[in-house]
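>>> sequence plus the predicted model coming up.
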Amino acid sequence: MTGKDKILIVDDEKINIAVLTSYLTDNYDVITAYSGEEALKIVKNDVPDLILLDVVMPGMDGFDVCRIIKHDYKLDFIPIIMLTALTSRDDHQKGIEVGADDFLKKPADRFELDKKITALLRIKEQHDSLLRDRNKAYEYLDYVGVLIAVLDRDYKLIHINQKGADILGYNRNNIINRDWIDLIVSESYANFVKRKYDMLLDGIMDENECSEYPIMTITRKERLFKWHYSVLKDAKGNITNILMSGEDITEKRKDEIKLMEYARELQKSNDIKDLFTDVLRHDLLNPAGLIKSFTELLEETATSERQENLIANIKRSNIKLIELIENAAKLAKLESIDEMVFVKTNISQIINDVQDNFGQELKSKNMTLKIETFGQHQALANPMIEGVISNFISNAIKYSPQNTNITVKVENFTDKWKISVADQGDGVPDKDKEAVFTRFNRLHKESIKGSGIGLAIAKRIMDLHGESVGVVDNPEGHGSIFWFTLKKML
């Protein structure tokens, strides 16, 4: 390969070929043929960039050779200069009809020959460049994941990418020049689609407007597509074609319908939850309050030790019931909000205030609450953080044996405080450490004590703070350490 353009000289006279070869050999790769039949074989096998073609030859003349190359071979553009001693207008007209690009009178003038070859090769290079760009564009369209099609003004398909043909199930060569609406649009949508196309072609519809309509595959299976449009124009600005891209949204639409159904069911569920919360707050809490009042009256009128024990059991059970109702309502309220207001909070002060609430319970079990905090511990928190600390201490008292210690610590971890409550109870098995904070995962956890609502509330409060909460084994013997973190307030 020399990188030079390849020129085929066709002439039955050797002297003519020799002269032309001498003119061209320095700048071009020259190949020769001495008959029309030989020229056609060379064109097929060794596609030249330009052909110098004699008209008058024995057998197949230059007009026949030109016609076959231009009309039958369907090769990319190859410029043909016809060399002829014929000068009549009819001969020139015949040459134009068979596809000749230029004419040169014999004997050829070297300067004129060079000028015509240069001009036609420049045109061929531009033509080939356009073809390369077009082929690259078509190749790109074959890889995009949507259907791309081009229609003419009669709704005929003049191009479709491979992806589009695959979606429809057709060989794209078999559907080019077919009526697009008759081919894939169901009869019930045909008039709607025609109106859309006509509005585009008449410049009435905005190109940014899109539409949805179903199409039929080769198996007559219906698929819903979303269509985007553009118009193509000629050099004079006249609209000639419609370029459209279609995205298959069949499954997406089904998913949207399912999502809407799910949203409706979720709304029903939320309505039921709200109803249940109202029942907890009013319809259940009011009777529980009455039971509390009646129990206090019965305590004053008890006449025997047995009555006192029964009343005490009723009172304890009712207190648990009221606590459960209040916590369930509180959890429901927390679950319905997405954010909290945070303020500057002294964690040490909150811990000291909380411990005063548990004096009687600690005394009844002969337990000691040790608070290991030193100095100020300013954090960014919501006042509900007090409930988390109270819950951890309350659980530690409930589920630890008598004569044990509970330790509350505040530890410094760079930009956070870590607050922990350590007990000496039975502890939490490793397999339940995560579930202990999740109320609805605990319905059949016999190894976990309590209702779990308090810890679920604590977990929700910490989630709204964007902080962590957890439980680990107490390294100092039996028991657990419940902990959470808070951002420091500098």
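Noted; the coordinates are in hand.
>>> rest of the way, CA atoms for contacts and neighbours
Fine.
>>> and residue 79, what is it in contact with?
The contact partners of residue 79, by Cα atoms under 8 Å, 6 or more residues apart in numbering, come to 49-51, 100-101, 120-121, 124.
>>> write the ChimeraX selection for whichever of these are buried.
Command for ChimeraX that selects the buried part of those, burial taken from 16 or more other Cα atoms under 10 Å:
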select :49,50,51,100,120,121,124
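>>> show only the entries of the contacts of residue 79 found in strands.
50-51 (DSSP state E).
>>> low-confidence stretches in the stretch 101-250 of the chain?
Applying pLDDT under 70 to the stretch 101-250 of the chain flags residues 133-145, 207-208.
>>> all helices for it, in order.
For the stretch 101-250 of the chain, the helices defined by DSSP state H, counting those that start in this stretch cover 110-143, 162-168, 172-175, 180-184, 190-201, 250-278.
>>> contacting residues around the most centrally placed residue in the chain?
By Cα atoms, centre = their mean, the chain has its centre lying nearest to residue 252, at 11.8 Å. Residue 252 makes contact with no residue under the criterion Cα under 8 Å, 6+ apart.
>>> repeat the analysis, applying 10 Å as the threshold.
Contacts for residue 252 (Cα atoms under 10 Å, 6 or more residues apart in numbering) come out as 224, 258.
>>> so how far is residue 258 from it?
Distance check for residue 252 against residue 258: by Cα to Cα, to the nearest Å, it reads 10 Å.
>>> which intervals of the stretch 251-400 of the chain have sub-threshold pLDDT?
268-286, 322, 325, 327-328.
>>> what are the ranges of the strands in it?
Along the stretch 251-400 of the chain, counting by DSSP state E, counting those that start in this stretch, strands occupy 343-346, 368-372, 378-381.
>>> dump those strands to CSV, plus mean neighbour count.
Shown next, in CSV, are those (neighbours: other Cα atoms under 10 Å):
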stretch, mean neighbour count
strand 343-346, 16
strand 368-372, 15
strand 378-381, 21
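>>> what's the closest of those strands to residue 61?
Comparison of the strands of the stretch 251-400 of the chain against residue 61 by Cα to Cα identifies strand 378-381 as nearest, at 97.5 Å.
>>> ok, residues contacting the closest one?
With Cα under 10 Å, 6+ apart, strand 378-381 has contacts from 340-349, 415-417, 462, 465, 485-490.
>>> just the CA atoms of it, as CSV, please.
What follows is strand 378-381 as a C-alpha-only set of coordinates in CSV (Å, rounded to 0.1, in the frame of the first residue of the first chain):
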residue,chain,number,x,y,z
GLN,A,378,-22.1,19.7,76.0
ALA,A,379,-23.9,17.9,73.2
LEU,A,380,-26.3,18.7,70.3
ALA,A,381,-29.5,16.8,71.2
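>>> that strand: how far from the chain's middle?
39 Å (Cα atoms, centre = their mean, to the nearest Å).
>>> likewise for stretch 33-49?
55 Å.
>>> buried sites along it?
Residues of stretch 33-49 classed as buried: 33-36, 39-40, 43, 47-49 (neighbour count, 16+ other Cα under 10 Å).
>>> quick one on the thing from earlier: any chance of the contacts of residue 79 in CSV, plus distance to residue 16?
Shown next, in CSV, are those (distance: Cα to Cα, whole Å):
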residue, distance to residue 16
49, 20
50, 17
51, 14
100, 20
101, 21
120, 21
121, 22
124, 25
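>>> ok, so of the contacts of residue 79, who is nearest residue 183?
Nearest to residue 183 out of the contacts of residue 79 is residue 124 (Cα to Cα; 37.2 Å).
>>> contacting residues for that closest one?
Counted by Cα under 10 Å, 6+ apart, residue 124 has contacts 49-50, 76-79, 118, 130.
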